[in-house]
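J.: need a structure here:
(one chain, ligands or ions: 1)
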Amino acid sequence: MKLKPEIALTFDDVLLVPKRSTVTSRHAVNTHTFFTKNIEIAIPIISSNMDTVTEADMAIAMARQGGIGVIHRFMSIEQHVEEVAKVKRAESFIMAHPYTIRANAVLSAARAEMESHQIGGLMVLSESGELLGVISTRDMIFETNDARLVSEVMTPRSKLITISTNDIGANADHARNLLREHKLEKLPVVDQNNHLVGLITAQDIAKSVQAPNASKDANGRLRCAAAVGVKSDDLDRAAALVAAGVDALVVDIAHGHSDMALNMVRQLKSCYPHVDVVGGNVATADGVRDMAEAGADAVKVGIGAGSICITRIVTGFGVPQLTAVSECADAGRTLGVPIIADGGIRTGGDLTKVLAVGASTIMLGSMLAGTDESPGSTLQRDNKRFKTVRGMASLAANIDRRQVETGREVDPEDWEKVVPEGVEALVPYRGPMRKIIYQIVGGLRSGLSYAGARTLQELWNNAEFVRITPAGRHESGAHDVEL
Ligand code: XMP
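T.: This is a model prediction of the structure:
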C-alpha cells in the first residue's frame, strides 16, 4: 500500500494566524483576481455550472457583481446558446444586434415583435439595411388600424439623433453627451452609408455607472462562461457557444484528470485559441500539470468537497479541499495557471482560507442555489421558504440529462441502473444573490486586513495557518450564550 505521509486538511481543520496590518479600512483592500489567464475580474467568485445554480439570470447578476457565472450544460445546444445570448444582450456599450423591422411591415408585426422580446421600440430598416426610422410603442398608442405600414407611423430618420461609428472613438463621452443633451433613451449607431451597426441606450450607460466593477468584455457586454462535456457533440456545443460570444468554455467532468477531459481541452484550444478554456475537476498537482500541458487557461479543483457531493462515499476517492487546493495552487503558480477552488465554501472565512492557500477564485454552488437568480421556484414547508439544489450526478439530474440527450422518457426500471454520486436537497430561500456576495466578500475584505494584505497576492504571501482541535473549532463559533 502506498500512503502519503501528510495528513490532508480542510476548512474546519485550520485557522489563519493574524498578522500585523497597515490596512486601515476594509475598503482599502483590492479583491481583483484572474478567473483565467486572460480574464481579470473584480471579486474572486464564480457561480457553479449546476442546473439549480447558473442560467442567464445568475450569470448576469454574477457579472454585475464583478464575478462570473458558468452556465450549465444540461440543456439543448439551442437553449444553451440562448442563455449565453441573454447575458450578452443584458447590457453593452454598443448593442451589436438591436431588434429591427422592415419599413414595409405592418403595425401588427411590429407589435408582435416588441411583445415577444419585451421591448418598447424597433429600428426600422430598408431592404439593404439602411436606417429609415424608429418605431416605438409610443408611436402606435393611438393607431387603431394595425394594417398600416411601419413607414407611415415611425419617427423618420430626419427627426432622429444618431451617432456615427467615426465619432464614437475610444471613449463613450460623446455618446453620453448626446444622450444627456437631447434627453434620449436610445442612440442608433450608423456607418458612413447610414447602415445601422448598433444601438447605445441610456439604460446601459446608467447600469455601467451603477456597477463599475462589473465583469465586461471588450465591447462592454457582461461576461459569462459556459460548461461543455467531453462527448463528440460537445464540440458542436462549443462551436455554437463561441459563436454566441461566450467568454470562456469550462470542460467540466467529475474526474477531470482523464484522457477524455485532457483531449477535449486540447481540441478546444486548437479550434478556438482566442477563447479561454478551463479544465477540471482535479485534486492533485499532477492533474494541474497535465491540464496546463493540454492548454488549460485555468484549472478547477475539487473532488467530492461540494455540499451535495457523495463521490467520496460512493467511490472512496477525493482529497480534503484545503490540501487539494494548496498542492494544486503551488503547481498552478509555477505554470502561470489560475486555480478555481470548487466546492465546500459555507462562509467568508472558508473563502479567505482557500484563497490564502493559493486559489485565485472560488466556485459556489448551494450557497447561491437559494437565491432569486437561481433557476426554479421556491417551495413552502413549515412556514419557511426553500429552493432545491441537486448534485449534477444525483439520481434526478442523471435521469433528466438522459431525457435531454435522447429526447425520450427514461424507463423507471432503468432508474436503479444509475449509481448516484450526488444528492438532492433543500436550501433556505435567501433573497437576492447580492446579499450573499456582500456578506462573503465582506468577510474576505476583513480577512485581508487581518492578514496585513491589500491584495490576494499579498494574502498568498502572508498567510500562516494553525491546525486546531475540536475544542478550538467549538471556541470559534458562538458558544455558551442563548441565540
Ligand atoms: P458547493 O459546496 O458550493 O459545491 O455546493 C458545488 C460543487 O459541487 C460539485 N458537484 C458535485 N460533486 N457529485 C459530486 O461529487 C455531484 O453530483 C455534484 N454536483 C456538483 C461541483 O463541482 C460544484 O461546483
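J.: shaky segments in the stretch 251-400 of the chain?
T.: Within the stretch 251-400 of the chain, no stretch has pLDDT under 70.
J.: show me where it has its helices.
T.: When assigned using DSSP state H, counting those that start in this stretch, the helices of the stretch 251-400 of the chain occupy the ranges 259-271, 285-294, 311-315, 321-335, 348-356, 366-369, 395-406.
J.: among the ones you listed, which is the most enclosed?
T.: Between these, helix 366-369 has the highest mean count of neighbours, a mean of 27, where neighbours are mean count of other C-beta atoms under 10 Å. C-beta coordinates here come from the backbone N, C-alpha and C atoms, glycine included.
J.: who in the stretch 201-350 of the chain is up against the ligand?
T.: Of all the residues in the stretch 201-350 of the chain, those in contact range of the ligand (C-beta under 6 Å from any ligand atom) are 281, 302, 304, 306-309, 311, 342-345.
J.: Pro212 in helix, strand or coil?
T.: Classification of Pro212 into helix, strand or coil gives coil, according to DSSP: H, G, I helix; E, B strand; the rest coil.
J.: count the residues that sit near it.
T.: The number of residues packed around Pro212, counting by other C-beta atoms under 10 Å, is 8.
J.: mind checking how far it is from Ala206?
T.: Between Pro212 and Ala206 the computed distance is 12 Å (C-beta to C-beta, to the nearest Å).
J.: excluding chain neighbours, what is closest to Lys19?
T.: Nearest non-adjacent residue to Lys19, counting by C-beta to C-beta, 6 or more residues apart in numbering: Gly452, 4.0 Å away.
J.: the one you found contacts Val17, correct?
T.: No - with contact defined as C-beta atoms under 8 Å, Gly452 does not count as touching Val17 (10.8 Å).
J.: who has more neighbours out of these two?
T.: When neighbours are counted by other C-beta under 10 Å, Gly452 comes out ahead of the other of Gly452 and Val17, with 16 against 12.
J.: so who does the more buried one touch?
T.: 19-23, 458, 462 (C-beta atoms under 8 Å, 6 or more residues apart in numbering).
J.: give the residue farthest from the middle of the protein.
T.: Using C-alpha atoms, centre = their mean, the residue of the chain lying farthest from its centre is Asn145. It sits 45.1 Å away.
J.: so is that one in a helix, a strand, or just coil?
T.: The three-state label given to Asn145 by three-state DSSP is coil.
J.: so what's it up against?
T.: Residues touching Asn145, when contacts are defined by C-beta under 8 Å, 6+ apart, comprise Leu107.
J.: so what's it scoring on pLDDT?
T.: What the model reports as pLDDT for Asn145 is 91.
J.: same thing with the one 3 residues further on?
T.: In the prediction, the pLDDT value recorded for Arg148 is 93.
J.: residue contacts, the closest residue to the ligand within the stretch 51-200 of the chain?
T.: Going by C-beta to the nearest ligand atom, the ligand is nearest to Val53 of the stretch 51-200 of the chain, at 7.7 Å. By C-beta under 8 Å, 6+ apart, the contact set of Val53 is 47, 72, 364-366, 368-369, 374-375, 389.
J.: also Ala61?
T.: Residues near Ala61 by C-beta under 8 Å, 6+ apart: 69, 373, 432-434.
J.: could you list which of those residues belong to helices?
T.: Counting by DSSP state H, the members of these that fall within helices are 433-434.
J.: now, the most widely separated pair of the contacts of Ala61?
T.: The largest separation in the contacts of Ala61, counting by C-beta to C-beta, is between Gly69 and Pro432 at 14.6 Å.
J.: hmm, back to that, using CSV, please lay out the contacts of Ala61 together with distance to the ligand.
T.: Compiled in CSV, the contacts of Ala61 are given as follows (distance: C-beta to the nearest ligand atom, whole Å):
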residue, distance to the ligand
Gly69, 12
Glu373, 15
Pro432, 18
Met433, 13
Arg434, 18
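J.: ok, back up a step: tell me the two of the residues of the stretch 201-350 of the chain next to the ligand that are most distant?
T.: For these, the farthest-apart pair by C-beta to C-beta is Thr311 and Ile345; their separation is 17.1 Å.
J.: quick check: end-to-end length of stretch 445-460?
T.: From its first residue to its last, stretch 445-460 covers 14 Å (C-alpha to C-alpha, to the nearest Å).
J.: now swap in stretch 24-38 and tell me
T.: End-to-end span of stretch 24-38 (C-alpha to C-alpha): 31 Å.
J.: mind listing what's buried in it?
T.: The neighbour-count check on stretch 24-38 (16 or more other C-beta atoms under 10 Å) flags 29, 31, 33-36 as buried.
J.: how about stretch 4-18?
T.: Applying a neighbour-count criterion of 16+ other C-beta under 10 Å, one finds 8-16 buried in stretch 4-18.
J.: report the closest residue of the stretch 201-350 of the chain relative to the ligand.
T.: The minimum distance from the stretch 201-350 of the chain to the ligand, using C-beta to the nearest ligand atom, falls at Gly306 (2.3 Å).
J.: same thing with the stretch 1-150 of the chain?
T.: Taking C-beta to the nearest ligand atom, the ligand has its nearest neighbour within the stretch 1-150 of the chain at Ser48, 3.4 Å off.
J.: quick one, what contacts that residue?
T.: With C-beta under 8 Å, 6+ apart as the criterion, the residues that contact Ser48 are 54, 70, 342, 363-365, 368.
J.: ok, now Leu160?
T.: Leu160 is in contact with 131, 133-134, 188, counting by C-beta under 8 Å, 6+ apart.
J.: and it, what's its pLDDT?
T.: Leu160 carries a pLDDT value of 92.
J.: could you do Ser232 as well?
T.: Per-residue confidence (pLDDT) for Ser232: 87.
J.: please tell me how far it sits from His72.
T.: In this view, Ser232 and His72 are 20 Å apart by C-beta to C-beta.
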